[in-house]
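>>> turn this into a model:
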Amino acid sequence: MYCTVDQARAAGATGSDAEVITAITSAADRVDRHTREWWETRSATVAATVLSDGLTLLPRRVQTITSVVALLDPTPDTPIPATAYRVTSSAVLGHVDALHLGCGAHGGWDDLVAGAESWSGGWAGLLGRWAAERVEVTGTWGWVSPPSAVQEATALVAAWIQQQARTGQVDPEAPAGSPGLDVDDEGNNVRITPAKPGADDEQGDDGRGLRPSTGLPAADALLRPYLRSGPRLEGV
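Predicted coordinates:
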């Protein structure tokens, strides 16, 4: 969980441990959608766009990559071996979360793979001939543990969800992006109308570049240094 039961209680949450945990879970979903990041490690498969130079920006902090598959049309999807790419992670200061296709462990080529030999242009040449515009990436994502500000914000939102539920002002199970106060990518408060059903994607915006608020301005302020901008999460 993004915060402990005791942290949530200190922020004002009440009820049994199970009730507080339910509120924390709902709050964590709001924090995820507001920050566009995962604050604990989870496994997932995402689809990402390959740029012309083989750079593939990833939508979350990446920890490990277990498989990369080129999504080809009309030919069958093709696995890309680990020798064909390297991975960088924002967990290392100054790095971005990305796959760098065509510059893998063997210097960008592999003489044991037909079409990726050094004399054929290596992986860059093969990937170029494939004209792969999208890849499916499976791995582990997110932070190892949430920073203290994320823990505090989650605890505040959990308590707020309970308070609003008691007054009938919010459904504790409602996702972020419900009617109310939202913020843009700069942290400015704006009023938007509810998105149509199905309009929200896993990235957490409403299709118009506005990220849903956690519902609590004080929590949004705590999370402002952790807002993630970058590629949209196209599939999970």
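>>> for this structure, which strand extends over the most residues?
strand 62-71 (DSSP state E).
>>> that one pairs with which strands?
strand 78-80 (antiparallel), strand 134-141 (antiparallel) (DSSP bridges).
>>> show me where this protein has helices.
Ranges of helices in the chain, per DSSP state H, are 5-10, 17-35, 122-130, 148-166, 217-223.
>>> what residues sit buried inside the first one?
Within helix 5-10, the residues that count as buried by 16 or more other Cβ atoms under 10 Å are 5, 7-9. Glycine gets a C-beta too; all of them are placed from N, C-alpha and C.
>>> what is the distance between that helix and the centre of its chain?
Distance of helix 5-10 from the chain centroid (Cα atoms, centre = their mean, to the nearest Å) equals 26 Å.
>>> list of residues touching that helix?
By Cβ atoms under 8 Å, 6 or more residues apart in numbering, the residues outside helix 5-10 that reach it are 13, 17, 20-21, 23-24, 151-152, 154-155, 158-159.
>>> buried subset of those residues?
Buried subset of the contacts of helix 5-10 (neighbour count, 16+ other Cβ under 10 Å): 13, 20-21, 23-24, 151-152, 154-155, 158-159.
>>> look up how far residue 130 lies from the residue of the chain positioned farthest from its centre.
Distance from the centre of the chain peaks at residue 119, with 38.4 Å (Cα atoms, centre = their mean). Computed as Cβ to Cβ, to the nearest Å, the residue 119 to residue 130 distance reads 18 Å.
>>> cool, and residue 65?
From residue 65 to residue 130 the distance is 19 Å (Cβ to Cβ).
>>> how many neighbours does residue 16 have?
Per other Cβ atoms under 10 Å, the neighbour tally for residue 16 reads 9.
>>> sorry, wrong one. I was asking about residue 133.
Neighbour tally, residue 133, other Cβ under 10 Å: 13.
>>> what's the nearest residue to it if we skip its chain neighbours?
Nearest residue to residue 133, sequence neighbours excluded (Cβ to Cβ, 6 or more residues apart in numbering): residue 50, at 5.7 Å.
>>> tell me how many other residues crowd the one you found.
Counted with other Cβ under 10 Å, residues neighbouring residue 50 total 21.
>>> pull the contacting residues for it.
The contact partners of residue 50, taken as Cβ under 8 Å, 6+ apart, are 56, 101, 127, 132-135.
>>> ok, back up a step: so how far is the longest strand of the chain from its chain's centroid?
15 Å.
>>> same question for stretch 69-80.
Its chain's C-alpha centre and that of stretch 69-80 lie 24 Å apart, by Cα atoms, centre = their mean.
>>> same check on stretch 211-218?
Between the mean C-alpha location of stretch 211-218 and the chain-wide mean there is a distance of 17 Å, by Cα atoms, centre = their mean.
>>> next up, the contacts around the closest residue in space to residue 134 that isn't next to it in sequence.
The shortest distance from residue 134 to any residue other than its chain neighbours is 4.4 Å, reached at residue 71 (Cβ to Cβ, 6+ apart). The contact partners of residue 71, by Cβ under 8 Å, 6+ apart, come to 47, 77, 132-136.
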